[in-house]
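> Let's see this in three dimensions:
(chains A, B, C and D)
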Protein chains: 2
Amino acid sequence: MTEKPSKEITIYDIAEVLGVAPSTVSRALKNHHSISDATIKRVRKQAKKMGYRSNIFAKNLRRQQTNTIGVIVPKLNSHFMSSALSGMEKVANTNGYNLIISQSSETAEKEASNVETMFKSRVDGLIVSLAYNTEDLKHFDQLAERNIPIIFFDRVADYHSSTNIVINNFKAGRMATNHLLDQGCRRIVHITGNQIRNVYEDRLRGYKKALKEHNIPFDPDLIIENRLNEEDGTEAAKQILDMTPRPDAVFAANDVCAVSCMATLKEHSISIPNDIAVVGFNNDPISRYVEPKLTTINYHGEEMGEIVVINLINHLKGDNHINATNTIILNSELIIRQSSKCCDS
Amino acid sequence: MTEKPSKEITIYDIAEVLGVAPSTVSRALKNHHSISDATIKRVRKQAKKMGYRSNIFAKNLRRQQTNTIGVIVPKLNSHFMSSALSGMEKVANTNGYNLIISQSSETAEKEASNVETMFKSRVDGLIVSLAYNTEDLKHFDQLAERNIPIIFFDRVADYHSSTNIVINNFKAGRMATNHLLDQGCRRIVHITGNQIRNVYEDRLRGYKKALKEHNIPFDPDLIIENRLNEEDGTEAAKQILDMTPRPDAVFAANDVCAVSCMATLKEHSISIPNDIAVVGFNNDPISRYVEPKLTTINYHGEEMGEIVVINLINHLKGDNHINATNTIILNSELIIRQSSKCCDS
DNA sequence: TTGAAAGCGCTAACAC
DNA sequence: GTGTTAGCGCTTTCAA
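Below you'll find the predicted structure:
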């Protein structure tokens, strides 16, 4: 196609061929209003013919703007995260932004180092879902000082005037627990994560609230805190089997953990939901295929990703509403399946 | 921390304060051997003190090199892809490269537009897993002409001297089918994808090869071709139920499809594996939790991602072996679980 | 409607 | 071991 694969074409080359100034070419290429239609047409045609591609580095150097958004997530390979990233990518792409994605692997140290990289890459804005154990947020300060906007999603924190985008974890936790209580369950184990993370703390609060509404005293022995991964689910099941009297329900703060817990319980001849009812969180595809199918909270990952990026881009474009919206709460709903239908339903 | 959050510090600022030349600062910052230790120390200290961050745009503009790798995958939100990306991200990060990730959403058009974006972003190299229906590869030509290396993984194609990184799909398909045959199955349905994609074509060839080895004639009526998603699995199950005589096994080219097919078969009172044995492909987490657990081919997504990036970076660094390695084949293994244990085993 | 020219921050060839 | 200087390709102010 192109005739000169080796040498990079610049606006100077185009200007020279056309006998106009480089600035005219520059303007024509961005449809500047002060350039005649004829010139614009000539320039664009020539540019195409010569295989011109704009040098974004020169452009960024001049404009001090990168059209790049940084994303830091705890793990790439979870259903929720990859869905959220998928949504982000779509919106970013449509709006001419690039995404630089990195993962903290659930540690605060790696997260800080990722932030450093993002800072050096001069991202226009940063999107973050916090690592499992991040407490101190001062690794974000260098961005805040430079007025680089940060949006937290899902695992959020109060940080200056950053926008947070979440689901109502409290409500969801309460809904899940109420559902179990309505099924007649009375000794409900809750498997949760690090309480410094809003998602887990809020779900636990919801759990407590539901108990209170049913006049059931909160029993701390029924709370299991772990990292909510597969092995932890297995481990939790063993703990549950050792509890006396035996619990009649489990509400786990994610599906991966719920499902592996359920599997281990089944191996020990526990019938689900008859002996123990189970509810998860996330509506991971896996929840639809386990036996019995897992009742869970539906989480709109892709949609959340889209909203996060739309929000950030609006912010970058200056539709600032000066923090008119500081927290955005998205809907989530309880999906009732067989794993929690205790009795006669 | 930093005292001047507003103004961006440059090497000129540091040079001025220290009374040295900008070039000295530039060299000191990269530990150039011709700079004295004392100067290096002074410069680094001052740089840190002033909150200096290198301007990668100026640097890239000068060096015509971006330290950025583009990645185009069909879908972000699948277990295999997010694992592969996770591996890629780790290696890239460790080696000082950034990843720009985008998804083709399984269409050739979007893929071409992604390539265009990557090209404009001046990626140093590109990593691609092809969309479901990509036939024509000429959207990659602009990169090839500029000698930008392209590595294909998983869904690959013969393209100039690009490196391909895959598992041995033929062998895996044969292994899976042989396993079913060894269990006594004789009418094995194979659910496959677009035959222009190596992964599906190779698996089908493996299937045929295994049949031949057992002297069983290939019956094209037992081949179902679709997009291998959830709905397609359900649909395939219905087709299978309509076949006479009824097939006694299903080998699906991915787990998502296998699992949904299995679920629908079960709804129609088919006993698995007794009536119909099932084998999937990918070792998606879901395969361990369905009932019965799904026999499948284990795919090392994360490892594949790592190897892809290591390979590309080596290439970029000039360890070229001038295509000494043009195709890299990774191991995969059959994991036998309950869904395929037909008889007495 | 177009042109001339300065400068974004960095690197590297060359000079000392 | 350090300094001088010429760009990399683009945008944008000011002038015409």
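> Pick out the residue in the stretch 151-300 of chain A sitting closest to DNA strand D.
residue A:151 (25.5 Å; CB to the nearest atom of the strand). Where C-beta positions appear, they are placed from N, C-alpha and C, glycine not excepted.
> which SS class is that residue?
strand (DSSP: H, G, I helix; E, B strand; the rest coil).
> Can you get me a residue count around it?
Number of residues near residue A:151 (other CB atoms under 10 Å in any protein chain shown) recorded here: 23.
> That one contacts residue A:312, doesn't it?
Yes: if you go by CB atoms under 8 Å, residue A:151 and residue A:312 touch, sitting 5.1 Å apart.
> show me where pLDDT drops low in the stretch 201-345 of chain A?
Within the stretch 201-345 of chain A, the ranges that satisfy pLDDT under 70 run A:319-325, A:342-345.
> again, only using 50
Low-confidence segments of the stretch 201-345 of chain A, defined by pLDDT under 50: A:344-345.
> For it, just list every one of the helices.
Ranges of helices in the stretch 201-345 of chain A, per DSSP state H, counting those that start in this stretch, are A:230-242, A:255-267, A:286-289, A:301-317.
> what does the stretch 1-150 of chain A give?
A:11-18, A:22-29, A:37-50, A:56-63, A:79-94, A:108-120, A:141-145.
> any idea how far residue A:202 is from the residue of the stretch 151-300 of chain A closest to DNA strand D?
Look at residue A:151 and residue A:202: by CB to CB, to the nearest Å, they are 19 Å apart.
> Can you report how many residues lie near the spatially closest residue to residue A:241 that is not a sequence neighbour?
In space, residue A:241 comes closest to residue A:268 once its chain neighbours are excluded; the distance is 5.7 Å by CB to CB, 6 or more residues apart in numbering or on different chains. By other CB under 10 Å, 11 other residues sit near residue A:268.
> same question, the one 3 residues further on
Number of residues near residue A:271 (other CB under 10 Å) recorded here: 10.
> try residue A:143
Residue A:143 has 21 nearby residues by other CB under 10 Å.
> right, and it touches residue A:119 too?
Yes: between residue A:143 and residue A:119 there is a contact under CB under 8 Å: 6.0 Å.
> rewinding a little: which residues does the residue of the stretch 151-300 of chain A closest to DNA strand D bridge with?
Residues in a beta bridge with residue A:151, per DSSP bridges, are residue A:127, residue A:163.
> Quick check: residues of the stretch 201-345 of chain A near chain B?
Residues of the stretch 201-345 of chain A found near chain B (CB under 8 Å from any CB of the partner chain) are A:230, A:256, A:259-260, A:263, A:285-286, A:289-291, A:301-302.
> just to revisit the earlier point, tell me the most buried of the helices of the stretch 1-150 of chain A?
Mean neighbour count (mean count of other CB atoms under 10 Å in any protein chain shown) peaks for helix A:79-94 among the helices of the stretch 1-150 of chain A, with a mean of 23.
> so it versus helix A:255-267, what angle?
160 degrees (axes from the mean of the first three to the mean of the last three CA atoms, to 10 degrees).
> Please list the residues of chain A that sit near DNA strand C.
A:19-24, A:27, A:33-36, A:38-39, A:58, A:61-62, A:64 (CB under 7 Å from any atom of the strand).
> Could you rerun that using 6 Å?
Contacts of chain A with DNA strand C, taken as CB under 6 Å from any atom of the strand, map to A:20-24, A:34-36, A:39, A:61-62.
> out of the residues you listed, who's nearest residue B:339?
residue A:61 (57.9 Å; CB to CB).
> For DNA strand C, what is the nearest residue in the stretch 151-300 of chain A?
Closest approach between the stretch 151-300 of chain A and DNA strand C, counting by CB to the nearest atom of the strand: residue A:160, at 24.9 Å.
> quick one: what helix or strand has that residue in it?
Assigned by DSSP states H and E, residue A:160 falls within no helix or strand.
> In this structure it contacts residue A:145, no?
No: shown here, residue A:160 and residue A:145 do not form a contact pair, counting by CB under 8 Å, at 10.2 Å.
> and the residues of chain A next to DNA strand C as CSV, adding pLDDT?
Formatted as CSV, the residues of chain A next to DNA strand C follow (pLDDT from 0 to 100):
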residue, pLDDT
A:20, 92
A:21, 92
A:22, 93
A:23, 93
A:24, 94
A:34, 87
A:35, 90
A:36, 90
A:39, 91
A:61, 90
A:62, 92
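> I'd like those written out as a markdown table, with distance to chain B added.
A markdown table is the format used below for the residues of chain A next to DNA strand C (distance: CB to the nearest CB, whole Å):
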| residue | distance to chain B |
| --- | --- |
| A:20 | 23 |
| A:21 | 21 |
| A:22 | 16 |
| A:23 | 19 |
| A:24 | 22 |
| A:34 | 25 |
| A:35 | 22 |
| A:36 | 26 |
| A:39 | 23 |
| A:61 | 4 |
| A:62 | 9 |
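> so which of the residues you listed comes closest to residue B:278?
Closest approach between those and residue B:278, by CB to CB: residue A:61, at 57.3 Å.
> Surely the closest one and residue B:61 touch.
Yes: between residue A:61 and residue B:61 a contact is recorded at 5.6 Å, counting by CB under 8 Å.
> which ones are touching the residue lying closest to residue A:336 once chain neighbours are set aside?
Nearest non-adjacent residue to residue A:336, counting by CB to CB, 6+ apart: residue A:295, 5.1 Å away. Applying CB atoms under 8 Å, 6 or more residues apart in numbering or on different chains, we find residue A:295 in contact with A:176, A:179, A:277-280, A:334-341.
> In CSV: those residues, plus neighbour count.
Formatted as CSV, those follow (neighbours: other CB atoms under 10 Å in any protein chain shown):
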residue, neighbour count
A:176, 29
A:179, 20
A:277, 26
A:278, 27
A:279, 32
A:280, 32
A:334, 18
A:335, 16
A:336, 16
A:337, 18
A:338, 16
A:339, 26
A:340, 29
A:341, 17
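> What is the most widely separated pair among the residues you listed?
A:176 and A:338 (15.3 Å).
> Which of the residues of chain A next to DNA strand C sits closest to residue B:54?
Among the residues of chain A next to DNA strand C, residue A:61 lies closest to residue B:54 (CB to CB), at 12.4 Å.
> sorry, back to before: show me the contacts for the residue of the stretch 151-300 of chain A closest to DNA strand D.
So residue A:151 contacts A:125-128, A:162-165, A:308, A:311-312, A:315 (CB under 8 Å, 6+ apart).
> Which of the residues you listed has the largest number of neighbours?
With neighbours defined as other CB under 10 Å, the most crowded of the contacts of residue A:151 is residue A:128; it has 30 neighbours.
> Export the helices of the stretch 201-345 of chain A as CSV, with columns for distance to residue A:11.
CSV is the format used below for the helices of the stretch 201-345 of chain A (distance: least, CB to CB, whole Å):
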stretch, distance to residue A:11
helix A:230-242, 55
helix A:255-267, 53
helix A:286-289, 53
helix A:301-317, 26
